[in-house]
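Undergrad: 3D, please:
(one chain, ligands or ions: 1)
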Amino acid sequence: MGAVPDRPFLQAVGNTPLIRLRSASEQTGCAIFGKAEFMNPGGSVKDRAAKYIVLDAFRRGVLREGGTIVEGTAGNTGIGLTLAGNALGLRTIIVMPETQAVEKRSMLRGMGAELRLVPAVPYKDPGNYVHQARRLAEELAGSAAGGVLYANQWDNLANREGHIASTGPEIWNQTEGRIDAFICAVGTGGTLSGVSEYLKQRRSSIVTAAADPDGAAVYSWVKHGELKASGSSITEGIGLGRVSGNLEGARIDDAFNVPDSEWLPVLWELIGKDGLYVGGSTGLNVAAAIRLARQLGPGHTIVTMLNDSARTYESKLFNREFLESRGLPPPPWLG
Ligand code: PMP
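TA: Numbers count the residues shown, from 1 in each chain. Alright, predicted model coming up:
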């Protein structure tokens, strides 16, 4: 087992505030709280996965200073991994679909990632970014000094373990155990399965639920036991079409499918009325928490995740033409 170095990035991840969401709470008579993950050093919840995946690789002796991290990512995990890599003296290679918001590209390049953009093709296609990343890591494995880590956020259980070790206990302590339900969207499933696991260990009656955008299959998997998806969404970083290693065995009670037309107005309220400049998956999380609140009835405490900042998606979220071409409502304040 290798020694775990103590570095600034690692210290800055987690311990985020839990914020009472005024608009969502008032509408439902529930106390709806959001975990302010946009306050992590790389700006998203994925800093947690990055931290715990890299620490696990150091502990297992897979990585040492001078080593290389390779990952396929919609962006946020790549940002976390690159910063973790910088803090630990690692090279980071990120394979990303070219359809993701341009802001993430400039962030990744700005922080020193080696960025490889690839066409967006389905997971079953060998050209999919996830498979390209895995093959690249395999090719480099023999030659790179300091070891090569294929981070594999979907199937690497250090992702889920990180949420069991950090996010779950933080939510339990911040609510002083007075929590009735937890709901969030699924990208890899690490957040939902890890937090659910921890909370249910504390009290098994806590309701746990998935929030799915159109085009994702977790909703039908939870509700009917089969992976089925239809439609599409402008959300990024979420929407899983298979049962990842991190999702497998997750203790999830319920699921909600929330279309873009429903969560965008909720996002405009979060930004315009609550003053929280958060991204699309957060809009979806809060819209789903509102649905869950209506189902549970007034007086319940519900926690969800404020995954990242709107800053990462400005070219899409505040682009009237982009939204209107999809029949979606722009923010009311956009001239
Ligand atoms: N929201 C955003 C913006 C993300 O980037 C991700 C992860 N890709 C998630 C939510 C979902 O997190 P997880 O991978 O833990 O399911």
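Undergrad: write out the residues of this protein neighbouring the ligand.
TA: Contact residues, the chain versus the ligand (Cβ under 6 Å from any ligand atom): 44-46, 74, 76-77, 185-191, 237-238, 279, 281, 307-308. The C-beta positions use only the backbone N, C-alpha and C, and glycine is treated the same way.
Undergrad: just the ones in helices from those residues, please.
TA: Among those, DSSP state H puts 46, 76-77, 190-191, 281 in helices.
Undergrad: can you tell me the element residue 116 falls in?
TA: Counting by DSSP states H and E, the element that carries residue 116 is strand 114-118.
Undergrad: other SSEs contacting that strand?
TA: If you count contacts as 3 or more Cβ pairs under 8 Å, 6 or more residues apart in numbering; DSSP states H and E, strand 114-118 packs onto strand 91-97, helix 102-110, helix 129-141.
Undergrad: cutoff 10 Å now
TA: Here strand 114-118 touches strand 68-72, helix 76-88, strand 91-97, helix 102-110, helix 129-141, going by 3 or more Cβ pairs under 10 Å, 6 or more residues apart in numbering; DSSP states H and E.
Undergrad: quick one: pLDDT of the closest residue to the ligand within the stretch 51-200 of the chain?
TA: Relative to the ligand, the nearest point of the stretch 51-200 of the chain is residue 187 (2.9 Å; Cβ to the nearest ligand atom). Model confidence at residue 187, given as pLDDT, is 97.
Undergrad: please apply the same query to residue 104.
TA: So residue 104 comes in at 87 (pLDDT).
Undergrad: identify the residues contacting the closest residue to the ligand within the chain.
TA: Ranking the residues of the chain by distance to the ligand (Cβ to the nearest ligand atom) places residue 237 first, at 2.4 Å. By Cβ atoms under 10 Å, 6 or more residues apart in numbering, the contact set of residue 237 is 44-46, 73-77, 100-101, 104, 185, 187-188, 279-281, 307-308, 312-313.
Undergrad: per-residue pLDDT, it?
TA: 91.
Undergrad: which stretches of the stretch 1-150 of the chain have low pLDDT?
TA: 1-5 (pLDDT under 70).
Undergrad: rerun at 90
TA: 1-6, 73-75, 99-104, 123, 142-145 (pLDDT under 90).
Undergrad: what do you get for the stretch 201-335 of the chain?
TA: 334-335.
Undergrad: ok, back up a step: most neighbours among the ones in helices among the residues of the chain next to the ligand, please name it.
TA: residue 190 (33 neighbours; other Cβ atoms under 10 Å).
Undergrad: nearest spatial neighbour of it, skipping sequence neighbours?
TA: With sequence-adjacent residues excluded and distances taken as Cβ to Cβ, 6 or more residues apart in numbering, residue 190 is closest to residue 159, at 3.6 Å.
Undergrad: wait, the one you found sits on residue 47?
TA: No - the criterion here is Cβ atoms under 10 Å, and residue 159 misses it with residue 47 at 11.7 Å.
Undergrad: coming back round to it: give the contact list for the residue of the stretch 51-200 of the chain closest to the ligand.
TA: Per Cβ under 10 Å, 6+ apart, neighbours of residue 187: 45-46, 49, 73-74, 76-77, 153-154, 159, 216, 235-240, 244, 246, 281, 307.
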